[in-house]
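# next one to model:
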Amino acid sequence: MTQMELARIGRVSEEMRKVAVQEGVDEKLVLDKLASGRAVLPKNVLHNIERPVIIGEGFSVKVNANIGTSMGYSSLEEEMEKLKVALEVGTDTVMVLSTWGPLREMRRLIVQNSPVPVGSVPIYDSAVKAYAERKNVVDFSERDFIEMFEEHAEDGIDFMTIHVGITKRVLEKIRNSKRVLKIVSRGGAIIAGWMIKNNKENPFYEHFDEILDIAREYDVTLSLGDGMRPGALVDATDPQQLEELFEMRELVERAHEKGVQVMLEGPGHVPLNEIEMNVKLMKKVGKGAPIFLLGPLPTDRGVGYDHIVSAVGGALAGYFGCDFLCYVTPAEHVSLPTVEDVREGVIAAKIAATIADVARGNAKALKLEREMAIARANFDWERMFQLAIAPERARQKYNARPYEEKGCSMCGPFCAIRIAQEVSG
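Model (predicted):
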């Protein structure tokens with residue numbers, strides 16, 4: 001049985017117990033949210049997860065880190081190091097988005113070594129296989145879609161992105177789109193290209209029931225991909241994006257009917273003033289299913305610092321109801337991320353998630369903020385470092401310019417906290 005089906009009959013799984021403790025909530029809340037589809041607990045039956053997470057309404061905002069190779073840079077050792085660093089700095093999940101090298105070997109190895117849920121985009125494998133055989137990236141069969149999805153499930157992948165909302169109806173409506181950047185989703189472009197070349201319906205949509213059967217067998221959480229997401233602010237919240245979104249309601253309902261966990265992916269590039277509307281619309285259309293956002297990025301001009309841009313957008317999106325933030329690294333839009341880019345991306349996303357949790361009144365987040373305030377009042381540096389989102393960075397900064405007396409090298413003897421304590425006794 002899937003986690004959703006277990007919740008519907010009131011049976012608490014080991015993973016549910018763990019996330020209830022982690023979140024500091026009652027197990028009944030976990031059962032209620034999973035049963036209604038307003039939360040998901042990604043857990044393939046074949047993956048031994050030490051640190052399960054619950055994503056959705058009523059729980060803390062989670063963070064995902066994308067790792068993966070490209071044709072230009074493909075190193076299994078580096079990918080394992082990216083996984084290690086992402087876990088060290090606190091990612092809640094990872095996604096394997098490799099597009100070159102021994103894809104299945106890498107995927108299996110990452111699943112085996114990941115204590116957190118692992119996601120993937122199976123359509124990439126089909127495109128890579130076609131390209132490796134000196135074909136066009138969309139030259140693969142309709143069955144390849146289904147078989148690759150099942151292969152990823154067999155490898156223990158916990159959640160998968162499938163771009164099922166790009167139907168023939170949607171594609172027909174957007175042929176004359178005035179977008180500056182037509183499609184920026186790799187998976188979305190591959191699906192759309194295949195549909196146009198073969199003049200057929202999207203196989204993920206055409207065979208959605210078969211996809212659901214496989215997902216239910218392995219308890220794979222579906223992430224309904226935003227293949228038509230805007231890749232530039234000037235294209236945000238346009239008909240191309242919305243037409244795909246409106247297909248999602250039926251897909252969510254069909255997944256829930258079969259006991260399959262599902263969440264919705266959302267737009268990447270959105271102006272700050274449109275983030276609230278986008279999040280609330282996705283929640284409405286998706287019947288409260290969890291929302292998984294890339295970023296969002298509220299400016300296109302932060303190249304090289306897009307992890308900061310994303311943190312600004314992510315904090316606001318989280319406050320308005322986004323449940324799951326896909327990190328953005330400093331390398332976004334310019335190169336394949338390095339290990340250090342992964343570190344910076346996760347930390348920035350964790351900061352955004354924490355800001356959102358505090359603003360939403362999350363009890364655990366507020367408790368930690370109070371503990372940080374007390375540690376500062378007591379000049380308890382070690383406790384401050386423990387409570388920091390990035391402890392090692394905080395400790396490094398402190399040690400770089402130490403101060404012998406009470407306080408730090410910023411203010412020295414003119415420390416406001418110290419003066420106030422001495423005056424007040």
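# and the worst-scoring helix or strand of the chain on mean pLDDT, what's buried?
Lowest by mean pLDDT, DSSP states H and E among the helices and strands of the chain is helix 123-132, with a mean of 84. Using 16 or more other CB atoms under 10 Å as the test for burial, helix 123-132 gives 123, 124, 125, 126, 127, 128, 129, 130, 131. Backbone N, C-alpha and C define where each C-beta goes, glycine included.
# name the helices or strands packed onto that helix?
If you count contacts as 3 or more CB pairs under 8 Å, 6 or more residues apart in numbering; DSSP states H and E, helix 123-132 packs onto helix 103-113, helix 142-154, helix 186-198.
# TSV please, covering the buried residues of helix 123-132 and showing distance to residue 362.
Listed next are the buried residues of helix 123-132 as TSV, based on distance: CB to CB, whole Å:
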residue	distance to residue 362
123	35
124	35
125	37
126	40
127	40
128	40
129	44
130	45
131	45
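# just these now: which is nearest residue 364?
residue 124 (35.9 Å; CB to CB).
# setting aside sequence neighbours, what's the nearest residue to that closest one?
Distances taken as CB to CB, 6 or more residues apart in numbering place residue 99 nearest to residue 124, at 5.5 Å, with adjacent residues excluded.
# check residue 338 too.
Using CB to CB, 6+ apart, the closest residue to residue 338 is residue 331 (6.9 Å).
# outline the domain layout of this protein.
Per the record, the chain has its domains at 61-361, 380-424, by automatic domain parsing.
# tell me how far the first one lies from the chain's centre.
Its chain's average C-alpha position is 8 Å from that of domain 61-361, according to CA atoms, centre = their mean, to the nearest Å.
# can you check the last one too?
Taking CA atoms, centre = their mean, the mean C-alpha location of domain 380-424 is offset from the chain mean by 34 Å.
# thought the residue nearest to residue 124 was touching residue 71?
Yes. Checked against CB atoms under 8 Å, the pair residue 99 and residue 71 is within contact range at 6.8 Å.
# more neighbours, the two?
Shown here are residue 99 and residue 71; by other CB atoms under 10 Å, residue 99 has more neighbours (19 against 11).
# ok, residue 322 - contacts?
61, 266, 279, 291, 293, 314, 356 (CB atoms under 8 Å, 6 or more residues apart in numbering).
# mind checking pLDDT for the first one?
For residue 61, the model assigns a pLDDT of 98.
# need the three-state assignment for residue 65.
strand (DSSP: H, G, I helix; E, B strand; the rest coil).
# how far away is it from residue 22?
18 Å (CB to CB, to the nearest Å).
# the two - which one has more neighbours?
residue 65 (26 against 15).
# so what's that one bridging to?
residue 94 (DSSP bridges).
# shouldn't the residue nearest to residue 338 be in contact with residue 343?
No. Residue 331 is beyond contact range of residue 343, at 11.7 Å (criterion: CB under 8 Å).
# and residue 378, how many neighbours does it have?
Neighbours around residue 378, by other CB under 10 Å: 13.
# that should have said residue 385, apologies.
For residue 385, the neighbour count with other CB under 10 Å is 17.
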